[in-house]
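Peer 1: coordinates only, sequence not included:
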């Protein structure tokens, strides 16, 4: 099933069930008002939502209405935890290669992860607000999952059973603030503003055979200022699958229902063509493109985003239909 949260003036919005083709929706009134309620009592509430979803897809829902992504908050507008990994080692290799830095050996056996702000997510069509272009505004196309309760010390395989929903993310980064923060050896903070998520979050069965052992074999499209810059495969080159990312958190603590875990920037390797490397699938963030430019030319030439720029992030299934709807945002100055 596909779930969204509509804006209603409150902090947590109103839960709606959305049809498979993203054409119609229906309030989940009488079942649950908020998505967190469903996550807290998944076994009882999710079958009721599934029944409503089936009725909606059959065109028999009594109070269906046209679905409007612009009315959406993030599917889970506030979360108990937002932990974002770096599951694509190719992205790490490129960024470090551009700095003439080696990748530490344990990066290949243990995922990187940071804890972002989860109190103030933004909707898929909300503006990316920034105080200064000089901060180096960048988009990051990612996948993210929402969990149920998962116990401390669980295995990666057990962690997969705790995934409830999956969605897209734009993990906005302020690149020019990152070096000073990392130099303090305390991780990202000011360099990670509010994250945006896709209009809908979907249960894993909606992906069909695209979901395979913790990885989603979907092509995630990134379109910057109307130009398609990324068509990256999210599945085949995901070094650490979502079960491994969740289990990494669970090494020392429980993960509670309503936690969100991100994949990190989706990244694909170059191919050799006529003796040269070509990144035919493009890029899912500007920082990676700048790293490639540095490796090839000795310095980056592509600028970060400017006020007025737009970014659209979307994934389509084998049938050509949008799976999660699109993140479609404009970068604007703080007023």
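Peer 2: Perfect, thanks for sending it. Predicted model only: the values in this text are computed from it and were never measured.
Peer 1: Can you tell me which residue is spatially central in this structure?
Peer 2: Most central in the chain under CA atoms, centre = their mean is residue 169, positioned 2.4 Å from the mean C-alpha point.
Peer 1: thought it was touching residue 201?
Peer 2: No: between residue 169 and residue 201 no contact is recorded; they are 10.5 Å apart, counting by CB atoms under 8 Å. Yep, even glycine has a C-beta here, placed from its N, CA and C like the rest.
Peer 1: Which parts of the stretch 151-300 of the chain are strands?
Peer 2: For the stretch 151-300 of the chain, applying DSSP state E, counting those that start in this stretch gives strands covering 163-170, 173-174, 196-197, 201-202, 211-212, 215-216, 219-224, 227-233, 259-262, 271-273, 276-278.
Peer 1: Contacts for the second one, please.
Peer 2: This points to strand 173-174. For strand 173-174, contacts defined as CB atoms under 8 Å, 6 or more residues apart in numbering pick out 130, 135-138, 140, 190-193, 285, 287.
Peer 1: Which of those fall within helices?
Peer 2: Judged by DSSP state H, the contacts of strand 173-174 include residue 287 as members of helices.
Peer 1: for the contacts of strand 173-174, which one is nearest residue 75?
Peer 2: residue 140 (18.0 Å; CB to CB).
Peer 1: Distance of residue 79 relative to residue 247?
Peer 2: Distance of residue 79 to residue 247, given as CB to CB, to the nearest Å: 19 Å.
Peer 1: more crowded one of those two?
Peer 2: residue 79 (26 against 22; other CB atoms under 10 Å).
Peer 1: Cross-check the contact I'm expecting between the more buried one and residue 257.
Peer 2: No: here residue 79 lies out of contact with residue 257, judged by CB under 8 Å, at a distance of 10.1 Å.
Peer 1: helices or strands up against the host helix or strand of residue 48?
Peer 2: According to DSSP states H and E, residue 48 maps onto helix 42-57. Identification of packing neighbours for helix 42-57 by 3 or more CB pairs under 8 Å, 6 or more residues apart in numbering; DSSP states H and E yields strand 14-18, strand 24-27, helix 35-40.
Peer 1: from the chain's centre, how far out does the last one sit?
Peer 2: Meaning helix 35-40. Distance, stretch centre to chain centre, for helix 35-40: 19 Å (CA atoms, centre = their mean, to the nearest Å).
Peer 1: give me every residue that touches the residue lying closest to residue 224 once chain neighbours are set aside.
Peer 2: Nearest residue to residue 224 in three dimensions, chain neighbours excluded: residue 311, at 5.6 Å (CB to CB, 6 or more residues apart in numbering). Residue 311 is in contact with 128, 139, 170, 222-224, 305, 327-329, 331, counting by CB under 8 Å, 6+ apart.
Peer 1: Which one of those residues is nearest to residue 18?
Peer 2: Of the contacts of residue 311, the one sitting nearest to residue 18 (CB to CB) turns out to be residue 327, at 15.3 Å.
Peer 1: any idea how far the closest one lies from residue 224?
Peer 2: Using CB to CB, we find residue 327 at a distance of 12 Å from residue 224.
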